[in-house]
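**Q** Got a sequence here, can you model it:
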Amino acid sequence: MKEYPNCKINIGLSVVSKRADGYHNLESVFYPVPLCDGLEISKSESFSFLQDGNTLDCDYDNNLCIRAYRLLKSYFPELGNVDIRLTKHIPSGAGLGGGSSDAAFTLKMLNSLFHLGLSIEELQSLASQLGADCAFFIENKTVFASQKGDVFQDISLALDGYKLLLVKPEVGVSTAEAYRNIVPVPALFDLREIAETPIEKWKDLVTNDFEKGIFQKLPILGDIKQRLYASGALYACMSGSGSTIYGIFAQDCDTAEIVKRYSEQYFTAEITL
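**A** Residues are numbered from 1 along each chain as shown. Next up is the predicted model:
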């Protein structure tokens, strides 16, 4: 069985309050993007995991595919052994949810492979134990996300026909770093209204609270964002807590020069939505 776990971008991100459990409540729009890893799972006599492609930023035992398998086996001890092969194309530590997607797809594939009969809600509950945004990839459709990023409300936003340019330099941002300079405040713009808001107005309304502190520490990210706007982006933003900056362009916008500029130095992907 082979699937292609995709990534996502965050369109806007507001950290609105601190929770009693130490986490933060946030509001964001999660939008699925067709930049994908490859994931193959088959039944086997013994368990094995093999990863190739891009280098991961975690050790073997912390890989989310392995953790997803072990989590499911803790609920279903009779779950058989499998061979898992993961080919990474989505960069790690990028704010694109690549590892979370791999984990969610692992749960879905194991559910199908072993005929476990888990519902969407049950799969989401399991996925949320692996990471705050893992549950998003179970249904894998555009949502307004709130609380820890694991409570979803469907929205009708569609960016069909636009071009998306992703740029990730060789810098990383830890979650602890991202939250260090955050002072939670209620969102100034209700992201549930984004579908009714022309994309040309997003620049002044749809913000990412992490950008200010992270751009001070890593000014290259702010520079990339401004260059995307200078190249014709209708909207540009950091995804999640970084370090990917993306720009949304009209389909007929000539992005060849900016793509060439960054593809020589950094991970760069141009995608038609």
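**Q** For the chain, which segments count as helices?
**A** Ranges of helices in the chain, per DSSP state H, are 64-75, 98-113, 120-128, 136-139, 175-180, 202-205, 211-217, 219-230, 256-263.
**Q** What residues of the first one count as buried?
**A** Along helix 64-75, the positions that meet the burial threshold by neighbour count (16 or more other CB atoms under 10 Å) are 64-69, 71-73. Using the backbone N, CA and C atoms, a C-beta is placed for each residue, glycine as well.
**Q** Equivalent analysis for the longest one, please.
**A** Residues of helix 98-113 classed as buried under the neighbour-count rule (16+ other CB under 10 Å) are 98-111.
**Q** now the third one
**A** With burial defined by 16+ other CB under 10 Å, the residues of helix 120-128 counted as buried are 123-124, 126-128.
**Q** circling back to that earlier point, to residue 18, which of the helices of the chain lies closest?
**A** Closest of the helices of the chain to residue 18 is helix 175-180, at 9.7 Å (criterion: CB to CB).
**Q** which helices and strands does that closest one pack with?
**A** helix 211-217 (3 or more CB pairs under 8 Å, 6 or more residues apart in numbering; DSSP states H and E).
**Q** Who are the packing partners of the helix it packs on?
**A** Using 3+ CB pairs under 8 Å, 6+ apart, helix 211-217 is in contact with helix 175-180, helix 219-230, strand 235-238.
**Q** Determine how far the helix or strand bottoming out on mean pLDDT in the chain lies from the middle of the whole chain.
**A** Within the chain, judged by mean pLDDT, DSSP states H and E, the helix or strand with the poorest mean is helix 175-180; its value is a mean of 81. Put simply, helix 175-180 sits 17 Å off its chain's centre (CA atoms, centre = their mean, to the nearest Å).
**Q** Need the contact partners of that helix.
**A** 15, 24, 210, 213-214, 217, 241-242 (CB atoms under 8 Å, 6 or more residues apart in numbering).
**Q** And the residues you listed, which two are furthest apart?
**A** Maximum pairwise distance among these (CB to CB): 19.0 Å, between 24 and 217.
**Q** Quick check: chain neighbours aside, which residue is closest to residue 212?
**A** Distances taken as CB to CB, 6 or more residues apart in numbering put residue 181 closest to residue 212, at 7.1 Å, once the chain neighbours are dropped.
**Q** next one: residue 261
**A** Counting by CB to CB, 6+ apart, residue 227 is the residue found nearest to residue 261 once chain neighbours are left out, at 7.6 Å.
**Q** what phi and what psi does the backbone show at residue 77?
**A** Here is the backbone geometry of residue 77 (degrees, to the nearest 10): phi -60, psi -20.
**Q** Report the separation between it and residue 264.
**A** Residue 77 sits 51 Å away from residue 264, taking CB to CB, to the nearest Å as the criterion.
**Q** Check residue 201 too.
**A** Distance check for residue 201 against residue 264: by CB to CB, it reads 33 Å.
**Q** Of the two, give the one with the bigger neighbour count.
**A** Neighbour count, other CB atoms under 10 Å: between residue 201 and residue 264, residue 201 has more, with 13 against 8.
**Q** Appreciated, that's everything.
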